[in-house]
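K.L.:
Sharing a model that was predicted from the sequence below.
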Amino acid sequence: MAEVTASRLSPLGKPYSELKHIVNADGQNLYCKYWEPEEEPIALVVLVHGMGEHCERYDRIAGALTKHNMLVFAHDHVGHGQSEGIRLDVKTFQVYIRDLFQHIDVMKKKHPKLPLFMVGHSMGGTIAILAAFERSSLFTGIVLSSPAIDVNPVTATPFKVFMAKMVASIIPQLPIGSLDPNDVSRNPESVKSYSEDPLVYHSAIKARIGAQTVKGMERIRNGLSDIRWPFLLQHGDEDKMAEVSGSRLMYEKAASKDKTLTIYEGSYHELDKELEEVAAKVVGEIEEWIVKRLPSQNSQEAPEPEAAADDKDRKEDVEVITATAEDRKEEAEVNTEDVQPEVPAESS
């Protein structure tokens, strides 16, 4: 049952009549955010935020895209930010995907001819991938920032995962763990902002959302070889919140012709809020990747979701950006290699 006050106020005490919002299929108000360009939009970009945070934290990425006349939109998931719902609890992960499609359909109805891109961070990356599994033809391209795809084999052993699922079915809101703000970024200002943000969830992660997220990650790993849509993966190799192994696995197994993996060495979880020299590169890469795939920016149409390609004909581009710990003021070394890696055998 949704956590709704009699007067339908947001978690900050504002009536939804004064906030931009949509009402989902369960009758819950979801707070919406729109970053509109100064001129007529040429593309749509939907941002999908991560666990325990909210969409207002994406001004920098949105600003980089609106200057190219893209209309950027997002909403706070159920139980997050300024949306209704029990904090950090969801009966099924599919609720997040359902609500995402509802918002996308509203925007596509208003702008039916515009290409649509999606940017998903952390758990938002999990949601984005699962959404693309269901309706890949909607998206011209997808950016995944530190997506939650793989579990930590040390902290999430098969036994612990099994027990978490069992507990979730009995005591769904039982606290099972917490997120350390210091793991968000190496930038002290970003850590401070995260820690002091009243719309960020600062209490323990609950059993049901943890179990539902793990199930979503399992669905992704089982379907990686079916991915044929264009994507950019970004991940820090010191990320303690989402395993970088998941991004590597997706890059290796996906059948997409247009795919890029960028590993930011030494970086933590929220790459757009990392040390400034890293954050600038991260946002710049997102901006450049999307702009290059706008139909109007190319002599050819933007890449469409494609049929499975012969592995011998695939040519992937792997970028590894290294920011050394010894001298953060130096420009990061960029190594770009065109490789044809051996395609790993499918798991049974």
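P.N.:
Alright, I've got the coordinates. Numbers count the residues shown, from 1 in each chain.

K.L.:
which stretches of the stretch 151-300 of the chain form strands?
P.N.:
Using DSSP state E, counting those that start in this stretch, the strands found in the stretch 151-300 of the chain span residues 175-177, 205-206, 231-236, 259-265.

K.L.:
scratch that, the stretch 1-150 of the chain is what I was asking about
P.N.:
Taking DSSP E, counting those that start in this stretch, the strands of the stretch 1-150 of the chain run over residues 21-23, 29-35, 43-48, 70-75, 116-121, 141-145.

K.L.:
now the helices for the protein?
P.N.:
For the chain, the helices defined by DSSP state H cover 59-66, 94-110, 123-134, 158-170, 188-196, 207-223, 244-253, 276-292.

K.L.:
Quick check: the closest residue in space to Glu276 that isn't next to it in sequence vs Lys108, distance?
P.N.:
Excluding the flanking residues, the one nearest Glu276 by CB to CB, 6 or more residues apart in numbering is Asn187, at 7.3 Å. C-beta here means a position set from N, CA and C on the backbone, and glycine is covered the same way. Asn187 is 36 Å from Lys108, where distance means CB to CB, to the nearest Å.

K.L.:
With Asp258 instead?
P.N.:
22 Å.

K.L.:
More neighbours: the two, which one.
P.N.:
For the pair Asp258 and Lys108, the greater number of neighbours falls to Asp258 (19 against 16), based on other CB atoms under 10 Å.

K.L.:
Pop out the phi and psi values for the more buried one.
P.N.:
When read as degrees, to the nearest 10, the backbone of Asp258 gives phi -100, psi 90.

K.L.:
so where's the stretch 51-200 of the chain shaky on pLDDT?
P.N.:
Filtered on pLDDT under 70, the stretch 51-200 of the chain yields the residue ranges 154-156.

K.L.:
Recalculate using a threshold of 90.
P.N.:
For the stretch 51-200 of the chain, the stretches with pLDDT under 90 are 151-169, 175-178.

K.L.:
quick revisit: most tightly packed of the strands of the stretch 151-300 of the chain?
P.N.:
Ranked by mean neighbour count, these are led by strand 231-236 with a mean of 26 (mean count of other CB atoms under 10 Å).

K.L.:
Name the residues that touch stretch 194-206?
P.N.:
11-12, 51-54, 56-57, 80-82, 87-89, 172-179, 181, 184-185, 270, 273 (CB atoms under 8 Å, 6 or more residues apart in numbering).
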